[in-house]
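Asks: Below is the sequence, then the predicted model.
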Amino acid sequence: MARARTAAGRSRSAEARRAAAAPERSARRGALPTMGGSARLPLASGVGEREADSRPRGPESGLPAPAREALEGFLFHLALVRGASPHTVSAYRGDLVSLLRHLSARGLPGPAEADEGQLRAYLIALHERGRRAAGVARARSAIKTFFAFLADEGVVREDPACDLPAPAGWRRLPRALGRDEATRLVESVAGGAALDLRDRALLECAYGTGARVSELLGLRLDDCRWEERLLRFAGKGGRIRLVPAGEPALRALLAYIDLGRPLLAARRGGAGPAPETIFLNARGGTLSRMGFWKILGRRAREAGLAERIHPHLLRHTYATHLLHGGASLRVVQELLGHARLSTTQIYTSVDEAYLQSMHRRYHPRG
């Protein structure tokens, strides 16, 4: 009996301690980390706010506190101030967590202690571990953007990444389909079934406008300006641009919208109204990036194209064929929706290679 009373007393004492500690735990959960002397900001995961407590979650959970707070402040800025897409935020998070773990393993608790030599060594290490050139270039871009933000915030006195070079030879030239290959790919889809009409419209629009996959799959019915022969795309950073569409693309798009899309939308049954996006999957829902990838791969095999075809290859092909036809670099920049001309300039190397091949083929001294 005495033991029972003692146990009951201990239980009441434990409950009292938990009740007394609850406000303190709640205050800890509501506290948001700060960066230097900057104002307290809610942290973002790239698709919305997340609670910050004394037990950080996610891939950055094992980082030292200075590195973690710097990263979280940057991700908030990237997602909600600069308006980057969730995909971009996720990619930058992965690249920067990898960098900060690399620095932490070498005794650097935060980005303020890093210098250019250490950042350069990290990129070289990525390359030597077999990371593809595009992956190294993206990591370099994430690092430069991250440290520029930290310099603006006063977290670092000087930006160690401002002159971080892109190692020569790491960036490969984009490959493009030849004119005959592109024509064979698009014209290989000739059926009148709903999925055939959709696939032909997809390929015609991808090759005929150079749109990014996300832009193409986000195209809605009210984005088509039929009389002006223009399509309106929402690009990176929410930038809107109007792109001319040729007769083959418009004809294929109209055939799909009039004859194919209603049949796909009807397959939803009782799942509610069809999405506003033009391109639907076989069940009447919004077509996904992976769905487009699979469609393109299957259609390329049917067209007898042996090389691996990916959606962005059609964008490269669009730009390259414009330059071959005489379009200026500035025009191609506008059509592709590049914010900087330097991004478009990589296609000049492709065009120079084309000119050299034409010179060798047709000039007697080539």
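Replies: Yes, it's here.
Asks: List the buried residues in whichever strand or helix holds residue 322.
Replies: Element membership for residue 322, per DSSP states H and E: helix 311-324. Within helix 311-324, the residues scored as buried using 16 or more other Cβ atoms under 10 Å are 311, 313, 314, 315, 316, 317, 318, 319, 320, 321, 322, 323. (Glycine included, C-beta is placed from N, CA and C.)
Asks: can you tell me which two in the residues you listed are farthest apart?
Replies: Farthest apart among the buried residues of helix 311-324 by Cβ to Cβ are 311 and 323. That separation is 20.2 Å.
Asks: List the neighbours of the helix holding residue 322 that are in contact with it.
Replies: Residues from elsewhere that reach helix 311-324 (Cβ atoms under 8 Å, 6 or more residues apart in numbering): 174-177, 179, 182, 203, 206-213, 289, 292-293, 296, 329, 331-332, 335-336, 344, 347-348, 350-351, 354.
Asks: Just the buried subset of the residues you listed, written out for ChimeraX, thanks.
Replies: Restricted to buried positions by 16+ other Cβ under 10 Å, the ChimeraX selection for the contacts of helix 311-324 reads:
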select :174,176,177,182,203,206,207,208,209,210,211,212,213,292,296,329,332,335,336,344,347,350,351
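Asks: Now go through the contacts of helix 311-324 and say which are in strands.
Replies: Using DSSP state E, no member of the contacts of helix 311-324 sits in strands.
Asks: follow-up on the earlier one: report the mean confidence score over the helix holding residue 322.
Replies: For helix 311-324, mean pLDDT is 88.
Asks: hang on, the earlier thing: using CSV, lay out the buried residues of helix 311-324 together with distance to residue 198.
Replies: Output for these, formatted as CSV (distance: Cβ to Cβ, whole Å):
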residue, distance to residue 198
311, 15
313, 20
314, 16
315, 19
316, 23
317, 20
318, 20
319, 25
320, 26
321, 24
322, 26
323, 30
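Asks: Where does the prediction get shaky in the stretch 51-200 of the chain?
Replies: Within the stretch 51-200 of the chain, the ranges that satisfy pLDDT under 70 run 51-60, 167-174.
Asks: roughly how far apart are residue 226 and residue 145?
Replies: Separation of residue 226 from residue 145 (Cβ to Cβ, to the nearest Å) stands at 39 Å.
Asks: what's the answer for residue 114, then?
Replies: 15 Å.
Asks: same question, residue 285
Replies: Distance, residue 285 to residue 145, by Cβ to Cβ: 34 Å.
Asks: Please, which helix or strand holds the residue lying closest to residue 297 once chain neighbours are set aside?
Replies: With Cβ to Cβ, 6 or more residues apart in numbering as the criterion, residue 297 has its nearest non-adjacent residue at 6.4 Å, and that residue is residue 309. Per DSSP H and E: residue 309 is located in neither a helix nor a strand.
Asks: what sits against residue 309?
Replies: Contact partners of residue 309, counting by Cβ under 8 Å, 6+ apart, are 177, 185, 296, 297, 300.
Asks: go on, residue 119?
Replies: 99, 143, 147, 160, 161, 164.
Asks: Which of these fall within helices?
Replies: 99, 143, 147 (DSSP state H).
Asks: Looking at these, spot the one nearest residue 92.
Replies: Taking Cβ to Cβ as the measure, residue 92 lies nearest residue 143 of these, at 9.5 Å.
Asks: from the contacts of residue 119, which would you call buried?
Replies: Burial by neighbour count, 16+ other Cβ under 10 Å: within these this picks out 99, 143, 147, 160, 161, 164.
Asks: so the fourth one touches residue 113, yeah?
Replies: No - with contacts counted by Cβ atoms under 8 Å, residue 160 stays clear of residue 113, the gap being 9.8 Å.
Asks: domain parsing for this structure?
Replies: Following automatic domain parsing, one finds the domains of the chain at 42-49+57-170, 179-362.
Asks: Now find how far off-centre the first one is within its chain.
Replies: Okay, so that is domain 42-49+57-170. Centroid displacement of domain 42-49+57-170 relative to its chain, using Cα atoms, centre = their mean, to the nearest Å, is 16 Å.
Asks: start at 562 instead
Replies: Okay, using 562 as the starting number, the last item reads as domain 603-610+618-731.
Asks: Overlap in contacts, residue 721 and residue 674.
Replies: Common contacts of residue 721 and residue 674 (Cβ under 8 Å, 6+ apart): none found.
Asks: any low-confidence regions in the stretch 762-911 of the chain?
Replies: Ranges of the stretch 762-911 of the chain meeting pLDDT under 70: 906-911.
Asks: Now do the helices in it.
Replies: For the stretch 762-911 of the chain, the helices defined by DSSP state H, counting those that start in this stretch cover 774-778, 808-816, 822-827, 850-863, 872-885, 890-897, 902-905, 907-923.
Asks: Export the ones you listed to CSV and append columns for distance to residue 755.
Replies: Shown next, in CSV, are the helices of the stretch 762-911 of the chain (distance: least, Cβ to Cβ, whole Å):
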stretch, distance to residue 755
helix 774-778, 17
helix 808-816, 11
helix 822-827, 4
helix 850-863, 13
helix 872-885, 21
helix 890-897, 30
helix 902-905, 37
helix 907-923, 36
